[in-house]
Each structure stands twice: as C-alpha cells, then as structure tokens.
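Visitor: Fold the following and give me the result.
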Amino acid sequence: MPNSKTSYTRRRAIFQGGVAAATALTAPTFFVGKAHAANEKLKVGIIPAYSFGLYWLIQDQGFAPGVEMEFSVFPSGPPAIEAMVGGSVDTITVGSVPPLAAMFRKVADFREISICGDASGLFQIVGKPGMNSLADLEGKKIAVTSGSNFDFFLGVALANEGLSDMPLTRVNMEPIDGQSAFIAGAVDATVPLATSRKLIYDALPDASLLTEGSQIPIDKRPSIMDVFMTTQQSLDAKEAAYVEVVRAFHDQAVKMLREDNAATIERMIEWQTGMGRAGVTAADVEPLLNGYFYFDKAEIKEVYEKGILTNALRVQSEFLVANERIGGMPDLDALVSDQVVKQI
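Guide: I've put the predicted structure just below:
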C-alpha cells in the first residue's frame, strides 16, 4: 500500500529558500579517445558513475575501432531519457528505475540491451550530524530523486527496518542539487551520487552514514542494475555498432578492469577530470569503481538467458506501483532485449 504519511515537495520550493544550486553536470558534448577510422557514430548520453565510465574507456582505448562515440553528460536518468526521446542522443547509460516509468507511459520503444554493472552496494543514505539511524528521519526532509534508483534504494532500506509508514518528507531533487541542499542545511538527509558524495564529507565531516547498500544482507539488498539503453528504432538502424560496443564492454573493458585495475583507475581519473572534477584521486576512485559487479561476456549472456535482469526490474516495478510512482506495470518483456547480447 502507498505510504500516506510521506509527503513530497519540489526542488524549486527548497531553492526559493536561498540554497544555491551546485555546478550543473550537464556539460557540453565532448569527444575523448584515440583517433580511428570509425564506420559508425553513436551519440551517447552518460551519467558520471564509474560503471558507465567503462564506455568512455572503450573509446579511450580504441576497443571498438568501428564506432566513434560522442558523449554528452547528464546529471541523472530522467533528463537523459528526455534527450534520447528528443533525438539528441542515440543511447544512454542509466539506472534501471527511471526507464520503468517511461516504459509504462509508452514514451518510446525503449530497449535495455546490456548491463553496465550491479550498483546496489554503492548506495548510501547520509544524515546530518547527530543522527544515528534511519529512524531518526522521522518527520525530517530527505532529498532524493523521485522515481529513481536512489528513491528505490531509500524505500527498500526503510522497509527493511520496518519504517515504510514513518512520516517524512521526500524532496524531489537531482542528486547534485540534493547534496548542495544538504550541505546548506535545507534538508536533513540525502541519497547522494556516489561519484560526488565525498564533497559532503569534506564539507560536513560529522555527517552521519545512516545506511549503505554494502551493509544490507544480500538476501535483503535491492538489485539495482545500471543499464545501457536505446530505442528499437536506433537499435535497428545501428545494430552493428551496438554489437561492437557492447562486445567491447563485456570483453575488453571488463578484462582490463579485472587484470589491470590500476591502469583502469588512472583512466577513470582522466575521465572525471574531463568533466571538471580535477581533484579526483586514485583513493577516491578505487572503492567506487570496484564497488560494482561487472559482467564479462559469458556472465552477461547468462544474465539475459536466465531472465535475471527482467526479474530485478519486476521487483522494482512492483515497488513503484505499490508506492504510486507509476500507474501500472511496464512491459518488461519488450524493455529487456537480447538482440545485442546474443550476438556478442
């Protein structure tokens, strides 16, 4: 049943109170990587999470010589989906929750053609100094992107503690804005983006870690996949390019990550620096990059053959429906497509 005790406010109401917005992550489109004679171009919308950075690594290392990827950066899934629907990008890296609402609304013929990584262990809920547990969120304001992986994680974490009906106010914000609001004291807690949450602890050393995915027992931990998604129209038009890029991800990029982790970390520092995060160090990158579970070629085939992604999306969809984030179940059989994975 939906939680009638939970209220929602919009980010505008918070910022009208005087909170300054953080630097936007919607950076201009940029090209980075080794020059090669590409036969096809893919315009990729990317969110600055490290599992997604492996697609930048493919371009950087020349692992898919037949494809040139042009990257545009987005702060979260919803604006990336909007850009893909509008045609400014062909494909996006995105958390698995935002596409579910869009698929239910039948915005486009979306297809999740691969998985970047399982990110469930990386999520955190951070509270203001003095908080000790999730129960301390009662009656408080928490910044979280509505209908996102962050929102799903918050809901599961509260449910695991028997706190689903606890009154609190979710403030709908992009992760980077929620982080700024939290630091400024406009909200009491936030579910931050992993790649930028270090700034919270730098600004508020006494901020409280209320829970994180790695602390939740495996049998209760939400499965939160980061996916590679496009539309059926784009997939049909550029199928060979998608096959080459996805093969490179699960073969060469994952192999480099596992066998030469230090070199991969150095390249991720370069990637983050290109997005204006010049202060990132290897110590910052290593736990976040390696906190995901990545699938090699054999493993990703098994995920699709056994319906593991579909089952994870079904659990998430049921959560969204029960909590009135979406009006009904999306067509998961259409959303999860093995058109590419079966060819790699």
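
Visitor: going forward, measure contacts between C-alpha atoms and count neighbours the same way
Guide: Fine.

Visitor: residue ranges with poor pLDDT in this protein?
Guide: 1-38, 218-219, 276-278 (pLDDT under 70).

Visitor: and if we set it to 80?
Guide: By pLDDT under 80, the low-scoring segments of the chain are 1-38, 147, 195-196, 216-223, 275-279, 323.

Visitor: and the longest strand seen in it, what does it pack onto?
Guide: Assignment by DSSP state E gives strand 110-118 as the longest strand of the chain. Where contact means 3 or more Cα pairs under 8 Å, 6 or more residues apart in numbering; DSSP states H and E, strand 110-118 is packed against helix 50-61, strand 225-231, helix 332-335.

Visitor: buried ones in the last one?
Guide: Within helix 332-335, the residues that qualify as buried by neighbour count (16 or more other Cα atoms under 10 Å) are Leu332, Leu335.

Visitor: Mind giving me the packing neighbours of that helix?
Guide: Using 3+ Cα pairs under 8 Å, 6+ apart: helix 332-335 touches strand 110-118, helix 308-322.

Visitor: could you give the angle of the longest strand of the chain to helix 308-322?
Guide: Going by axes from the mean of the first three to the mean of the last three Cα atoms, to 10 degrees, strand 110-118 is angled at 110 degrees with respect to helix 308-322.

Visitor: moving C-terminal of strand 110-118, what's the next helix or strand?
Guide: strand 124-127 (DSSP states H and E).

Visitor: so who does Gly121 touch?
Guide: Neighbouring residues of Gly121 by Cα atoms under 8 Å, 6 or more residues apart in numbering: Glu212, Gly213, Ser214, Gln215, Gly291, Tyr292.

Visitor: Mind doing that once more with 10 Å?
Guide: 212-216, 218, 221-224, 288, 291-293 (Cα atoms under 10 Å, 6 or more residues apart in numbering).

Visitor: try Ser133
Guide: Ser133 neighbours (Cα under 10 Å, 6+ apart): Ile125, Val126, Gly127, Glu161, Ser208, Leu209, Leu210, Thr211.

Visitor: What about the fourth one, how many residues nearby?
Guide: Right, Glu161. 11 (other Cα atoms under 10 Å).

Visitor: Could you check how far it is from Leu154?
Guide: 11 Å (Cα to Cα, to the nearest Å).

Visitor: Find residues that contact each of the two.
Guide: Leu134.

Visitor: related to what we said a few turns ago, of the contacts of Gly121, select the buried ones using a PyMOL command.
Guide: Buried subset of these, written as a PyMOL selection, criterion 16+ other Cα under 10 Å:
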select buried, resi 212+213+221+222+223+224+288+291+292
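
Visitor: which one of the contacts of Gly121 sits closest to Ser148?
Guide: Closest to Ser148 out of the contacts of Gly121 is Ile224 (10.3 Å), distances taken as Cα to Cα.

Visitor: which residue sits closest to the closest one, ignoring its sequence neighbours?
Guide: Excluding its sequence neighbours, the residue lying closest to Ile224 (Cα to Cα, 6 or more residues apart in numbering) is Ser120, at 5.0 Å.

Visitor: I figured the one you found was touching Gly291, is that so?
Guide: Yes: Ser120 is in contact with Gly291 according to Cα atoms under 10 Å; the separation is 8.8 Å.
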